[in-house]
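Enquirer: Provided below for reference: sequence and predicted model.
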Number of protein chains: 4
Amino acid sequence: MGKMTWVIPDGFLPTKSLGEQPSHEAVCVLNLTDADAKIDLTFYFEDKEPLVGFQATCGARRTHHIRLDKLRSDSGKEVPRGVPYAIKVESSVPVVVQHSRLDSSQEALALFTTIAYSG
Amino acid sequence: MGKMTWVIPDGFLPTKSLGEQPSHEAVCVLNLTDADAKIDLTFYFEDKEPLVGFQATCGARRTHHIRLDKLRSDSGKEVPRGVPYAIKVESSVPVVVQHSRLDSSQEALALFTTIAYSG
Amino acid sequence: MGKMTWVIPDGFLPTKSLGEQPSHEAVCVLNLTDADAKIDLTFYFEDKEPLVGFQATCGARRTHHIRLDKLRSDSGKEVPRGVPYAIKVESSVPVVVQHSRLDSSQEALALFTTIAYSG
Amino acid sequence: MGKMTWVIPDGFLPTKSLGEQPSHEAVCVLNLTDADAKIDLTFYFEDKEPLVGFQATCGARRTHHIRLDKLRSDSGKEVPRGVPYAIKVESSVPVVVQHSRLDSSQEALALFTTIAYSG
């Protein structure tokens, strides 16, 4: 069950947060295999070259809800706020990926989610 | 129509509820077959072994919106609140599964949904 | 492009509406063919037999956002409010189906959507 | 990775906006190929012929979150507000398409999203 490459065209980290929950996105990975998954994330933009060097792991028989507002690249870079991006997720073993956003930039939070696309 | 195994990577039960509707998730099953479906749910976590022993049914030509905030395992365990999890749904007959969350932890409710992934 | 049978496991019509927009669901059909589509909707429940006799049309090269809060069956029945249901959509020609809910039962509206499942 | 034709049955541009973020829809395109994508959008309605002549681009290894509230056709037409429509997206190279709506017509914003349908 799963695939090794997934994409998410609609990525965006709101710049504002109100209330108890910060605005964020999560790349939610489920690894049903018996091997740990090494995960590489690439971020695509409208007007500049893709950003690479973002890594995460998801253990065997584990989930990892990778918080994009907390993610740092090998060289310490953050995912940029307030600009449209898209995401490619590559895993060393088959996994399933779902992407969700919580936007608390207005007085009540809004949520969306979708299973990512795997071709 | 349908599959016997479905997964949902982004599961989460908010700890707070405001207003008339409690924060909850539902695993919505549709069984178009002429046989009742026995359903097993397994919950996967970021840092501990999967939780098993959660069962439900969905009658022939019926739907069952399984409320995860009300679900109890064979041994009386609840689905934990406030921690990220993922869900595997296994059915004895082909079914279709959709997953939805209602979050009323702020002053207005938020909703999300997706058809689950079946490989 | 499209299929003749689609299903939506998570259907629900909220009983309350606040503000300008009534709580509702829409079964959104897109017909890219050159023939009009005859559409039959069947509603499945948790504890009773399916409801049939709900019909709609979607013209050639047209969309129809079928409002479930306004739909009436051949015999004048409404889709029941406040109870979980699931939907099967059958079309006389291939179409694409998306399902959305607007919930305005609290002080701000909430939305969700997904492409329906076609097997 | 990707397809050259995608459809989105549930399109709608709310007529009202409150707060800092205008109500809008975005057709989010990700182009992983090494060639720029020429994109044609066609809008389908419930009661009139489809609208054509809406074009956009998405560079090689780029994303483009095409804002439907800002899009203009060759002849300067806007996407109509306050009426149901559906969208066909055709690209000159394989791409992945996701569709999202932000509705700020009430006092707090609402969001929804789905990967578009590609057949």
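Expert: Done, it's in.

Enquirer: residue at max distance from the center of chain A?
Expert: A:Glu107 (24.4 Å; Cα atoms, centre = their mean).

Enquirer: Please name the nearest non-neighbouring residue to that residue.
Expert: D:Ala108 (5.3 Å; Cβ to Cβ, 6 or more residues apart in numbering or on different chains). Bear in mind the C-beta positions are built from the backbone N, C-alpha and C, glycine included.

Enquirer: Can you report how many residues neighbour that neighbour?
Expert: Residues within reach of D:Ala108, counting by other Cβ atoms under 10 Å in any protein chain shown, total 27.

Enquirer: Give me the phi and psi for it.
Expert: phi -130, psi 150 (degrees, to the nearest 10).

Enquirer: State the distance from the residue farthest from the centre of chain A to B:Ile87.
Expert: Per Cβ to Cβ, to the nearest Å, A:Glu107 is found 31 Å from B:Ile87.

Enquirer: for A:Lys70, same thing?
Expert: A:Lys70 is 23 Å from B:Ile87, by Cβ to Cβ.

Enquirer: repeat for A:Asp74
Expert: 32 Å.

Enquirer: The two - which one has more neighbours?
Expert: Using other Cβ under 10 Å as the criterion, A:Asp74 and B:Ile87 rank with B:Ile87 on top: 25 against 9.

Enquirer: What residues are bridge-paired with the more buried one?
Expert: On the basis of DSSP bridges, B:Ile87 is bridged to B:Ile8, B:Phe43.

Enquirer: tell me the contacts of it?
Expert: B:7-8, B:11, B:27, B:41-44, B:68, B:99 (Cβ atoms under 8 Å, 6 or more residues apart in numbering or on different chains).

Enquirer: Can you name the residue of chain A nearest chain C?
Expert: At 5.0 Å from chain C, A:Ala108 is the closest residue in chain A, using Cβ to the nearest Cβ.

Enquirer: I figured that residue was touching D:Ala108, is that so?
Expert: Yes: the criterion here is Cβ atoms under 8 Å, and A:Ala108 meets it with D:Ala108 at 3.5 Å.

Enquirer: Please enumerate the shared neighbours of the two.
Expert: Applying Cβ under 8 Å, 6+ apart, one finds that A:Ala108 and D:Ala108 are jointly contacted by B:107-108, C:107-108.

Enquirer: backbone phi and psi for A:Asp10, please?
Expert: Torsion angles, degrees, to the nearest 10, at A:Asp10: phi -100, psi 90.

Enquirer: so who does the spatially closest residue to it that is not a sequence neighbour touch?
Expert: Residue nearest to A:Asp10 in three dimensions, not counting chain neighbours: D:Cys28, with 3.9 Å by Cβ to Cβ, 6+ apart. Applying Cβ under 8 Å, 6+ apart, we find D:Cys28 in contact with A:9-10, A:84, A:86, D:63-66, D:97-100.

Enquirer: got the buried residues for stretch A:81-93?
Expert: Neighbour-count burial for stretch A:81-93, counted by 16 or more other Cβ atoms under 10 Å in any protein chain shown, picks out A:83-89, A:91-93.

Enquirer: got a list of what the spatially most central residue of chain A touches?
Expert: Nearest to the geometric centre of chain A sits A:Val27, at 3.2 Å (Cα atoms, centre = their mean). By Cβ under 8 Å, 6+ apart, the contact list for A:Val27 reads A:8, A:41, A:65-66, A:68, A:87, A:89, A:97, A:99, A:116.
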